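Q: okay, predicted coordinates and the sequence, questions at the end:
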Amino acid sequence: MFSLQGQKALIVGIANENSIAYGCAQALRAQGADLAVTWLNAKAEPYVRPLAEALGAEIMMPLDVSDPDQLGAVFDEIGARWGRLDTLLHSIAFAPRDDLHGRVIDCSAAGFAQAMDISVHSFLRMIKLAEPLMPHGGTCLSVSFFGASRVVHHYNMMGPVKAALESSVRYAAAELGEKGIRVHALSPGPLATRAASGISHFDELLSVAAQRAPTHQLTTIADVGAMAAFLASPEARNLTGGVHDIDGGYSITA
Ligand code: NAD
């Protein structure tokens, strides 16, 4: 099996023990990586800090990606403490509720811009800050959804936002490939997380996924973590720019 022994990984996006980022953090840690873990704000800290401590995280800090000072501080701390970064996980998304619940063509310019900033451009900002800390290469991962390429009822404006995320992954991968920095999107099937609870009729999405996926199994955060850990490993050194479906085969069905 591959090892991540001695690797340094930044995990952004843990809200609680159901978060996809938590499944990824557990898998990276299990393979030997040292972790830096962030939480959104003081309200989130009591939920995230105990999980980070249980994972033996060496760096724990607040991070709201819309605050450039906080983002800079996280990468400064990583530089000072570790001098390098091997893996970056960006597992965050946001859309204003009213915009998310309406038709795509009705969503406000401000809501669309905010969703794009937090869910997409923040990944590019993080990759840029990670680049100097990855002189010998590294792995940058974000999390997308099937609604990027197909119309999924009630996914609404997050569809175009995730499409932009997947395209950004491809361009960043092309730009950084010669430096050994690899960029991917993980694309899990629906999982019952806090972010997912903001999508209307999410239960329907779960039951359709279980029915239609060839495996008839719902995706777990451990499934996503296993893929993240593999992509972060030296064995995945010649893979980049991919959108990796982790969905029991749902996306191959018509
Ligand atoms: P989650 O609620 O556990 O995680 C979302 C995270 O985004 C939270 O930790 C939250 O604090 C963070 N976040 C939001 N705004 C932020 C900001 N301004 N700065 C920093 N962090 C911010 O839910 P999740 O399902 O684990 O979501 C993680 C990612 O997975 C998201 O990109 C989501 O779109 C994607 N995804 C989820 C599913 C699903 O069904 N749950 C499926 C495919 C993709």
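A: Arrived safely, thanks for sending. Numbers count the residues shown, from 1 in each chain.

Q: which other helices and strands does the longest strand seen in the chain contact?
A: Across the chain, the strand with the greatest residue count (assigned by DSSP state E) is strand 181-188. With contacts taken as 3 or more C-beta pairs under 8 Å, 6 or more residues apart in numbering; DSSP states H and E, strand 181-188 sits against helix 20-30, helix 122-130, strand 138-143, helix 158-176, helix 221-232, strand 243-246. No exception for glycine: its C-beta is placed from N, CA and C like everyone else's.

Q: give me the contact list for the fourth one.
A: Same thing as helix 158-176. Identification of contacts with helix 158-176 by C-beta atoms under 8 Å, 6 or more residues apart in numbering yields 93, 95, 100, 104, 112, 115-116, 119-120, 123-124, 127, 131, 140, 142, 144-145, 147-149, 151-152, 182-185, 199, 240-243.

Q: likewise the shortest one?
A: Applying C-beta under 8 Å, 6+ apart, the set of residues contacting strand 243-246 from outside is 144, 146, 148, 166, 169, 184-189, 219, 223-224, 227, 231, 251.

Q: out of the helices and strands packed on strand 181-188, which one sits most buried?
A: Of those, the one with the most neighbours on average (mean count of other C-beta atoms under 10 Å) is strand 138-143, at a mean of 28.

Q: point out where the stretch 1-150 of the chain drops to low pLDDT.
A: 1 (pLDDT under 70).

Q: what residues does the stretch 1-150 of the chain have near the ligand?
A: 13-15, 19-21, 40, 44, 63-66, 91-94, 118, 143, 145 (C-beta under 6 Å from any ligand atom).

Q: out of those, which end up buried?
A: 13-15, 19-21, 40, 44, 63-65, 91-94, 118, 143, 145 (16 or more other C-beta atoms under 10 Å).

Q: helices - which of these land there?
A: Using DSSP state H, the members of those that fall in helices are 20-21.

Q: end-to-end on stretch 7-20?
A: 20 Å (C-alpha to C-alpha, to the nearest Å).

Q: next one: that stretch to chain centre, how far?
A: Chain-centre distance of stretch 7-20: 8 Å, with C-alpha atoms, centre = their mean, to the nearest Å.

Q: same check on stretch 122-133?
A: 14 Å.

Q: what of stretch 194-203?
A: Distance, stretch centre to chain centre, for stretch 194-203: 17 Å (C-alpha atoms, centre = their mean).

Q: need the contact list for the residue nearest to residue 194 when sequence neighbours are not counted.
A: Excluding its sequence neighbours, the residue lying closest to residue 194 (C-beta to C-beta, 6 or more residues apart in numbering) is residue 15, at 5.1 Å. By C-beta under 8 Å, 6+ apart, residue 15 lies in contact with 21, 39-40, 44, 47-48, 193-195.

Q: if you look at the residues you listed, which of them are in strands?
A: Using DSSP E, those in strands are residue 39.

Q: which one of the contacts of residue 15 is nearest residue 85?
A: residue 21 (15.9 Å; C-beta to C-beta).
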